[in-house]
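Novice: Here is the input, now give the coordinates:
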Amino acid sequence: MIVDKINKYLYENSLTVNDGLRYEVEKIAGAVFKRQFMESEEKESKGKLWFSQIGKCPRQLAYQFHGFEKSGREIDGRAKMIFWTGDLIEFTIIGLAKLSGANLIATGLQQMRIELPVNGGFVSGRPDGLLIENKMTYLVEVKSMSSFRFRDFEKGIIDPAYLVQVHSEMEALGLSKCVFVGLNKDNGVMHEIILDKDDAIVEMARKNISEVLNSTPEKLPEPPKELDHDEKGFYPWNCCYCAWWKLCRTNAEIVLVKNSNKLKEKPKEIIA
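Specialist: Got it, this is the predicted structure:
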């Protein structure tokens, strides 16, 4: 629906860019640069939940929601560069889709802010856009991926956190379908999957959100069982990349295993 149009456009045209769309892309790039490199990430985090986050561990979300000081994984310059390039890739795909003739609305500078009410609170965010095709409206989501994740994506396997995000956005918008576009950032190959809204995933998202909203700084949600350490004491990669793991995994430490950092529970005999 989108990927075929973009590939056809890139093959058949000399890439003359519409001035209006180019202006929009330039403005978006500036806004993304400001957000990633010139503003504090804490600016709008406390007391708020975003669609892009709600598929994560509810305890991690609660630490942010209640304004706990970070104690764990830091967002360093390298990470910011990765986020910056990912945003640019996603906006580029949206721009190329519009150039190729895809009927996309609510994109770029015209992105709309949406909310999903849950138990007296709400989740908010700005979807990548909407596609109107054959008198039907689709949510559009674009993600850049490593080769490893893209291989799974081509097989129809989507990161569960992404699934929670797009199904919650569909619920908020009253839509039943999503065009999910993935780009392999290592070779530029694109693929898309058409998703039908799954009420079970929406319900899981509402449960996750409710756990956070009903928590207090003194009583936080428990991490999911799948984030427990294994028989060797190693926690999943999600915990290692959490900005609050030192508060949550108080008896753990970072260890180097085959050139990779991993979070591991300390042996009981050396726990202080």
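
Novice: List the buried residues for stretch 207-223?
Specialist: For stretch 207-223, a neighbour-count test (16 or more other CB atoms under 10 Å) marks Asn208, Ile209, Ser210, Glu211, Val212, Leu213, Ser215, Leu220, Pro221, Pro223 as buried. Where you see a C-beta, it was placed from the backbone N, CA and C, and this is true even at glycine.

Novice: Could you state which residue of this protein sits nearest its centroid?
Specialist: By CA atoms, centre = their mean, the chain has its centre lying nearest to Ser52, at 4.2 Å.

Novice: Wait, that residue touches Gln165, no?
Specialist: Yes: here Ser52 reaches Gln165: they are 5.7 Å apart, a contact under CB atoms under 8 Å.

Novice: quick one on the thing from earlier: biggest separation within the buried residues of stretch 207-223, which pair?
Specialist: In those, two members sit farther apart than any others by CB to CB. They are Leu213 and Pro223, at 17.3 Å.

Novice: Work out for me the element Lys264 sits within.
Specialist: Assessed by DSSP states H and E, Lys264 sits inside strand 260-265.

Novice: no, scratch that, I was asking about Cys242
Specialist: Residue-wise, Cys242 maps onto no helix or strand under DSSP H and E.

Novice: That one and Ala252 touch, don't they?
Specialist: No: in terms of CB under 8 Å, Cys242 does not count as a neighbour of Ala252; the distance is 10.7 Å.

Novice: Compare these two (neighbour count), which wins?
Specialist: Cys242 (25 against 22; other CB atoms under 10 Å).

Novice: any idea of the pLDDT on the more buried one?
Specialist: On the pLDDT scale, Cys242 is placed at 93.

Novice: cool, the one 4 residues further on as well?
Specialist: In the predicted model, Lys246 carries a pLDDT score of 96.

Novice: Count residues in the vicinity of Lys232, would you?
Specialist: By other CB under 10 Å, 8 other residues sit near Lys232.

Novice: next one: Trp50
Specialist: That count, for Trp50 with other CB under 10 Å as the rule, works out to 15.

Novice: For it, which non-adjacent residue is spatially closest?
Specialist: Gly125 (5.0 Å; CB to CB, 6 or more residues apart in numbering).

Novice: how much space between the one you found and Lys197?
Specialist: As judged by CB to CB, to the nearest Å, Gly125 and Lys197 stand 16 Å apart.

Novice: Name the residues of stretch 242-261 that are buried.
Specialist: For stretch 242-261, using 16+ other CB under 10 Å, the buried residues are Cys242, Ala243, Trp244, Trp245, Lys246, Leu247, Cys248, Arg249, Ala252.

Novice: Pass me the low-pLDDT residue ranges in the stretch 51-200 of the chain, would you?
Specialist: Along the stretch 51-200 of the chain, the parts satisfying pLDDT under 70 run over 74-79.

Novice: still on that earlier bit, which residues does the residue nearest to the centre of the chain contact?
Specialist: By CB atoms under 8 Å, 6 or more residues apart in numbering, Ser52 lies in contact with Gly125, Gln165.

Novice: To which secondary structure element type does it belong?
Specialist: Put simply, Ser52 is coil when judged by DSSP: H, G, I helix; E, B strand; the rest coil.

Novice: Same question for the one 10 residues further on.
Specialist: The local conformation at Ala62, judged by three-state DSSP, is helix.

Novice: Then the one 5 residues further on?
Specialist: Assigned state for Gly67: coil (three-state reduction, three-state DSSP).

Novice: cool, Gly55 as well?
Specialist: Three-state call for Gly55 (three-state DSSP): coil.

Novice: sorry, back to before: can you give the contact residues for the strand holding Lys264?
Specialist: By CB under 8 Å, 6+ apart, the residues outside strand 260-265 that reach it are 229, 232-235, 237, 239-240, 245, 249, 251-256.
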